[in-house]
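# Structure here, sequence nowhere to be found:
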């Protein structure tokens, strides 16, 4: 029976600036892409500088698909040396020269890989506030083709409004360049060997669904239109479990107490209390930085529990909080995205959180958003409030009626 690698890395995210994806001119194999993304996933959200990253060699080779046996050391060495080669980010008038790595150390004796990323990558990897892309590492670990990996991260970088369907057109040459497929001169070769297999693999083994339409000028395909959507959470959970099974990796229970089995009870309680306090302080700091005010204590405690019990990473909380700036009630918005079934709690917090806005009516976009959350609960068999569904639908009808009345009034005024 094959031994499974118990890994935290299938929980990790890769976060990089969009310029690397959309303007970077680098050519790496699928294996080399997996290696660099695995290394980048080791960067912590609170890191201020790039540093030496020490990685378990056995787990690293297993999850990145590096062969076992006598060829493993040579294969790994060649891939790591490739990461030291220069490449560029090309803007309209400027060119920046970079490399992925500036040195590494591999020790089969200690089973450790130590690697230092190029310090010039810092603006593209560290403390990113906007114009960045984040994705689950496990998806790219499973892809077989470099074209799949390149297309997938491109889709993630342009389709950032997860709940909407997005369309984007590229010239054939633009898409070839973005996928590192310039070697295919004829469209039929690019289509059959790069584009079509990549789309099939993304649709089967990722959180995205993409279709494409060739647009012709005469007999020649000039443009390709991509239509992108996001799969629902149940589909994504099943896909991730299937990928974990295929890769032979499994999630290790994140129980802090299991790591303190030889520590006395009093010390355990002190350590756990300190971890809880620091986590809640971090969540509060994230909120203050994004929104400009301190959240209430109930919100902090709820988010602290979700971070501990539901594998909700601080990085995810940071991104959702940043997105909530424009919401009338950021706490309710964040709670709904992290646990949609708590709609009654969300409604309660809406009435409690902002006394100055207590009597302010909901805007149309807020009603649509709340209705979408409840209907998602209903569709997925979670508890829901039918009275709220009816209420929100009636409100949307009233919004629609007011628009029609306004249009009629404007027509009469202008006639």
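Yep, that arrived. This is a predicted model, so every value here is computed, not measured.
# Please enumerate the strands of the stretch 51-200 of the chain.
Ranges of strands within the stretch 51-200 of the chain are 52-56, 87-90, 95-98, 101-107, 112-117, 132-136, 166-171, based on DSSP state E, counting those that start in this stretch.
# what about residue 25, how many neighbours?
When neighbours are counted by other C-beta atoms under 10 Å, residue 25 registers 11. Glycine gets a C-beta too; all of them are placed from N, C-alpha and C.
# Residue 386 too?
Residue 386: 9 surrounding residues under other C-beta under 10 Å.
# Mark out where each domain of the protein begins and ends.
Domain assignment for the chain, taken from automatic domain parsing, gives 5-251, 254-354, 361-415.
# For the last one, the averaged confidence score.
By that I understand domain 361-415. Averaged across domain 361-415, the pLDDT comes to 72.
# Name the residues of stretch 188-206 that come out as buried.
Residues of stretch 188-206 classed as buried: 190, 191, 194, 195, 197, 198, 199, 201, 202, 205, 206 (neighbour count, 16 or more other C-beta atoms under 10 Å).
# What about these, which are in helices?
Those of the buried residues of stretch 188-206 mapping onto helices are 190, 197, 198, 199, 201, 202, 205, per DSSP state H.
# What residues are bridge-paired with the residue most central in space within the chain?
Geometric centre of the chain, nearest residue: residue 135, 3.1 Å, by C-alpha atoms, centre = their mean. Note on residue 135: beta-bridge partners by DSSP bridges are residue 14.
# Need phi/psi at the closest residue to residue 56 other than its chain neighbours.
Distances taken as C-beta to C-beta, 6 or more residues apart in numbering place residue 111 nearest to residue 56, at 6.3 Å, with adjacent residues excluded. Main-chain torsions, residue 111, degrees, to the nearest 10: phi 60, psi 50.
# There's contact between residue 119 and residue 102 in this structure, I believe.
Yes - with contacts counted by C-beta atoms under 8 Å, residue 119 reaches residue 102, the gap being 7.3 Å.
# so residue 111 touches residue 54, yeah?
No - using C-beta under 8 Å as the test, residue 111 is too far from residue 54 to be in contact (10.8 Å).
# give me the low-pLDDT residue ranges for the stretch 101-250 of the chain?
By pLDDT under 70, the weakly predicted segments of the stretch 101-250 of the chain are 249-250.
# Would you mind telling me which of the strands of the stretch 51-200 of the chain is nearest residue 245?
When those are compared by C-beta to C-beta, strand 132-136 sits nearest residue 245, at 15.8 Å.
# in the closest one, what counts as buried?
For strand 132-136, a neighbour-count test (16+ other C-beta under 10 Å) marks 132, 133, 135, 136 as buried.
# didn't the first one look like it was pressed against residue 20?
No - counting by C-beta under 8 Å, residue 132 sits too far from residue 20 to count as a contact (9.3 Å).
# residues contacting the residue nearest to the centre of the chain?
Going by C-beta atoms under 8 Å, 6 or more residues apart in numbering, residue 135 touches 13, 14, 152, 153, 156.
# for residue 28, same thing?
36, 82, 83, 146, 180.
# In three-state terms, label it for me.
coil (DSSP: H, G, I helix; E, B strand; the rest coil).
# how near is it to residue 184?
Applying C-beta to C-beta, to the nearest Å, the value for residue 28 to residue 184 is 17 Å.
# got it, and residue 134?
In terms of C-beta to C-beta, residue 134 sits 30 Å off from residue 184.
# Isn't residue 56 up against residue 112?
Yes - using C-beta under 8 Å, residue 56 is in contact with residue 112, at 7.0 Å.
# before we move on, back to that, closest one to residue 334 among the strands of the stretch 51-200 of the chain?
Nearest of these (C-beta to C-beta): strand 132-136, 16.6 Å.
# quick one: contacts for the closest residue to residue 114 other than its chain neighbours?
Of all residues beyond its chain neighbours, the one nearest residue 114 is residue 105 (4.4 Å), with distances taken as C-beta to C-beta, 6+ apart. Each residue near residue 105 by C-beta under 8 Å, 6+ apart is listed here: 112, 113, 114, 115.
# Pick the one among those residues closest to residue 303.
residue 115 (33.5 Å).
# for the closest one, what are its contacts?
39, 52, 53, 55, 80, 101, 103, 104, 105 are the contacts of residue 115 under C-beta under 8 Å, 6+ apart.
# Now for the closest residue to the third one other than its chain neighbours, which secondary structure element holds it?
What that stands for is residue 53. Of all residues not flanking residue 53 in the chain, residue 42 sits nearest, at 4.7 Å (C-beta to C-beta, 6+ apart). Assigned by DSSP states H and E, residue 42 belongs to no helix or strand.
# okay, now residue 42: neighbour count?
By the measure other C-beta under 10 Å, the count of residues near residue 42 is 17.
# and it, backbone torsions?
Dihedral angles of residue 42 (phi, psi; degrees, to the nearest 10) stand at phi -80, psi -10.
# Can you name the residues that contact it?
12, 53, 55 are the contacts of residue 42 under C-beta under 8 Å, 6+ apart.
# Same check on residue 228?
155, 158, 159, 165, 166, 167, 168, 208, 209, 210.
# Likewise for residue 72?
Counting by C-beta under 8 Å, 6+ apart, residue 72 makes contact with 61, 66.
# Against residue 110, how distant is it?
From residue 72 to residue 110 the distance is 16 Å (C-beta to C-beta).
# Residue 226 now?
Separation of residue 226 from residue 110 (C-beta to C-beta): 45 Å.
# and if you look at residue 294?
Distance from residue 294 to residue 110, by C-beta to C-beta: 45 Å.
# got it, and residue 31?
23 Å.
# Compare neighbour counts for these two and give me the winner.
When residue 31 and residue 110 are compared for neighbours, residue 31 comes out ahead with 17 against 11, by other C-beta under 10 Å.
# Wait, a helix at the more buried one?
Yes - per three-state DSSP, residue 31 lies within a helix segment.
# Enumerate every residue touching it.
64, 65, 66, 79.
# Make a markdown table out of those residues and add neighbour count.
Converted to a markdown table, these look like this (neighbours: other C-beta atoms under 10 Å):
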| residue | neighbour count |
| --- | --- |
| 64 | 22 |
| 65 | 15 |
| 66 | 18 |
| 79 | 19 |
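# Now tabulate those in a markdown table and tack on pLDDT and distance to residue 323.
Converted to a markdown table, the contacts of residue 31 look like this (pLDDT from 0 to 100; distance: C-beta to C-beta, whole Å):
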| residue | pLDDT | distance to residue 323 |
| --- | --- | --- |
| 64 | 81 | 31 |
| 65 | 77 | 34 |
| 66 | 77 | 37 |
| 79 | 90 | 36 |
